[in-house]
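Colleague: sequence plus predicted model, see below.
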Amino acid sequence: MRIVNQMGLTAIDLGFRGAASGVFLLIVLVALQRRIPNQNALLGMAMSAGGVFYAIVTAPFFPKASWWWTLPILSAMPAVFWLWARAAFDDDFVLRRWHGALWLAIVAFGFALSLGWPRWPTLAKGGGKVLAIVALVLALAAAVQTVKTWRVDLVMRRRRLRLAMLAINVAMIGLVAVAGFADIPVAAPGASGSLPTALSLFVVAMLAGLGLFSAPAAVAVDDATAAIASGEAGRQARVADRAAAGRVIVDPRVAVDPILLRRLDHLMTVERTYRQEGLAIGTLAARLDVPEHRLRQAINEGLGYRNFNAFLNRYRIEDAKLALSDVTQREVPVLTIAMDAGFQSIGPFNRAFKAETGVTPTEFRREALSRPGRADISELRREIG
């Protein structure tokens, strides 16, 4: 009877792994079909392919003779997951060469441990604990990324799904780390953690699949799990534009209260609320006397912003550009202009300004003030204010 029960559990285990692998492969195929050549699509496909790889090599009856080359690659999956979390939950994240170098370094270290195990088992065990620590650090970094950007995230579907995705993935990475500390192969065939691992993989795959396939075809994908395949998590939508009089153009595809958008525009352009230090979306919602979730929806679906800071920075940078172009303020330090516009330090201001204009604030001021026939714009500033 015990053997029959074990065979039944093994069959369930393999079934979950097969279903998860099928969904992950479908996500990769959809990503390839959409042909989105950016870092988010690349990391999403890497995550999905890694899920298939993990499901196979940690399955019951997987040959032990293959562990020497599969476990080193498996040990680098936390790095892929960390990079995916950065790209999915930080719209300003940019993939660097050193990120790829980190992944290669972990794989190379894993191969060194695997090949050196027969000759130096004690040293290899110590190295395995180092890999376990690395996995825990990367998992913690991914969790911190979720908390760090939670409040400013305007995409409601991404806010709802990100915690579930991260909790499950961090738990899986934790299992890998615990296995490393215990000096046992990760989810080895017959180990007690094999079925929970398979179930976790299945849940992750289903969440990713639902995030992808439930998104409306006519609207940009808005959640982090769909971004695994679509690669659109880092794209900053700009569907709204404003004329000099402050008129707001609303996306006709979404049902957002135009009166709320006009009140919001008045707060930003007339009262310059964006200059308030430490302005949070909850504070802004209180000023407008609306629930916070309605304001998030208005800014995201009506104006096309995925991030509250990006929404504020648009007004702040325009304010700073006017000040930097004003000949009467040529002696005012850039830091003062940045803080007057609402930035709390010079670093974030410089990064946001260069991302928006392509030049640094100092370069922008130099170019603006050196134009022939440059007029005094102080009157223009008073009219706009």
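Modeller: Cool, the structure landed. Residues are numbered from 1 along each chain as shown.
Colleague: residue 90: how many residues sit nearby?
Modeller: Using other Cβ atoms under 10 Å, the number of residues around residue 90 comes to 16. From N, CA and C alone the C-beta is placed, and that goes for glycine too.
Colleague: I figured it was touching residue 146, is that so?
Modeller: No. Because the distance of 10.0 Å does not satisfy Cβ atoms under 8 Å, residue 90 is recorded as not touching residue 146.
Colleague: just name the shakiest helix or strand of the chain by mean pLDDT.
Modeller: Using mean pLDDT, DSSP states H and E, helix 227-230 stands out as the lowest-scoring helix or strand of the chain, at a mean of 37.
Colleague: would you check that residue 317 makes contact with residue 354?
Modeller: No. Residue 317 lies out of contact with residue 354 (Cβ under 8 Å); the separation is 10.0 Å.
Colleague: centre of the chain versus the next helix-or-strand element following the least confident helix or strand of the chain, how much separation?
Modeller: Downstream of helix 227-230, the first helix or strand assigned by DSSP states H and E is helix 258-269. In this view, helix 258-269 has its centroid 29 Å away from the chain centroid, taken as Cα atoms, centre = their mean, to the nearest Å.
Colleague: buried ones in the helix or strand following helix 258-269?
Modeller: Per DSSP H and E, the first helix or strand lying C-terminal to helix 258-269 is helix 281-288. Of the residues in helix 281-288, 281, 284-285, 287-288 count as buried by neighbour count, 16 or more other Cβ atoms under 10 Å.
Colleague: for the helix or strand just after helix 281-288, list the C-alpha coordinates in CSV.
Modeller: From helix 281-288 onward toward the C-terminus, using DSSP H and E, the following helix or strand is helix 292-297. The C-alpha atoms that make up helix 292-297 are tabulated as CSV, following Å, rounded to 0.1, in the frame of the first residue of the first chain:
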residue,chain,number,x,y,z
GLU,A,292,-6.7,56.3,-3.4
HIS,A,293,-7.5,53.5,-5.8
ARG,A,294,-9.6,55.8,-7.9
LEU,A,295,-6.7,58.3,-8.2
ARG,A,296,-4.3,55.4,-9.1
GLN,A,297,-6.7,54.3,-11.8
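Colleague: where does the stretch 101-250 of the chain have low pLDDT?
Modeller: Applying pLDDT under 70 to the stretch 101-250 of the chain flags the ranges 163, 165-166, 168-193, 210-250.
Colleague: dump the residue contacts of residue 195.
Modeller: The neighbours of residue 195, taking Cβ atoms under 8 Å, 6 or more residues apart in numbering as the test, are 9, 12-13, 16.
Colleague: typo on my end, it should be residue 75
Modeller: The contact partners of residue 75, by Cβ under 8 Å, 6+ apart, come to 106-107, 109-110, 131, 135, 176.
Colleague: now swap in residue 86 and tell me
Modeller: Contacts for residue 86 (Cβ under 8 Å, 6+ apart) come out as 93, 142, 145.
Colleague: just the ones of the residues you listed in helices?
Modeller: Members of these lying in helices (criterion: DSSP state H): 142, 145.
Colleague: just name the closest of the contacts of residue 86 to residue 64, please.
Modeller: Distances from residue 64 to those, taken as Cβ to Cβ, are shortest for residue 142 (30.2 Å).
Colleague: one step back: out of the contacts of residue 75, which comes closest to residue 346?
Modeller: Within the set of the contacts of residue 75, residue 106 lies nearest residue 346; the separation is 35.1 Å, counting by Cβ to Cβ.
Colleague: thought the closest one was touching residue 77?
Modeller: No. At 9.2 Å, residue 106 does not count as touching residue 77 under the criterion of Cβ under 8 Å.
Colleague: of the contacts of residue 195, closest to residue 116?
Modeller: Set against residue 116, the nearest of the contacts of residue 195 by Cβ to Cβ is residue 13 (31.3 Å).
Colleague: hmm, back to that, more crowded one of residue 317 and residue 354?
Modeller: The neighbour comparison of residue 317 against residue 354 (other Cβ under 10 Å) goes to residue 317, with 22 against 14.
Colleague: okay, domains of this protein per the record?
Modeller: For the chain, the domain assignment from automatic domain parsing gives the residue ranges 2-230, 258-384.
Colleague: among those domains, which is the most enclosed?
Modeller: Greatest average neighbour count among these goes to domain 2-230 (a mean of 18), per mean count of other Cβ atoms under 10 Å.
Colleague: report pLDDT for residue 25.
Modeller: Residue 25 is assigned a predicted lDDT (pLDDT) of 91.
Colleague: contacts only, for it.
Modeller: If you count contacts by Cβ under 8 Å, 6+ apart, residue 25 has them with 48, 52.
Colleague: how about a cut-off of 7 Å?
Modeller: Residue 25 makes contact with residue 52, according to Cβ atoms under 7 Å, 6 or more residues apart in numbering.
Colleague: any idea how far residue 157 is from it?
Modeller: 23 Å (Cβ to Cβ, to the nearest Å).
Colleague: do the same with residue 71
Modeller: Distance from residue 71 to residue 157, by Cβ to Cβ: 36 Å.
Colleague: distance between stretch 283-292 and the chain's centre?
Modeller: 26 Å.
Colleague: so how far is the first residue of it from its last?
Modeller: Taking Cα to Cα, to the nearest Å, the first and last residues of stretch 283-292 lie 9 Å apart.
Colleague: and for stretch 148-167?
Modeller: Start-to-end span of stretch 148-167 (Cα to Cα) is 15 Å.
Colleague: and if you look at stretch 335-349?
Modeller: Rule used - Cα to Cα; the end-to-end distance of stretch 335-349 is 9 Å.
Colleague: make sure residue 28 is actually in contact with residue 50.
Modeller: No. Contact criterion Cβ atoms under 7 Å: residue 28 and residue 50 do not qualify, at 10.6 Å.
Colleague: would you map the strands across this structure?
Modeller: Applying DSSP state E to the chain gives no strands.
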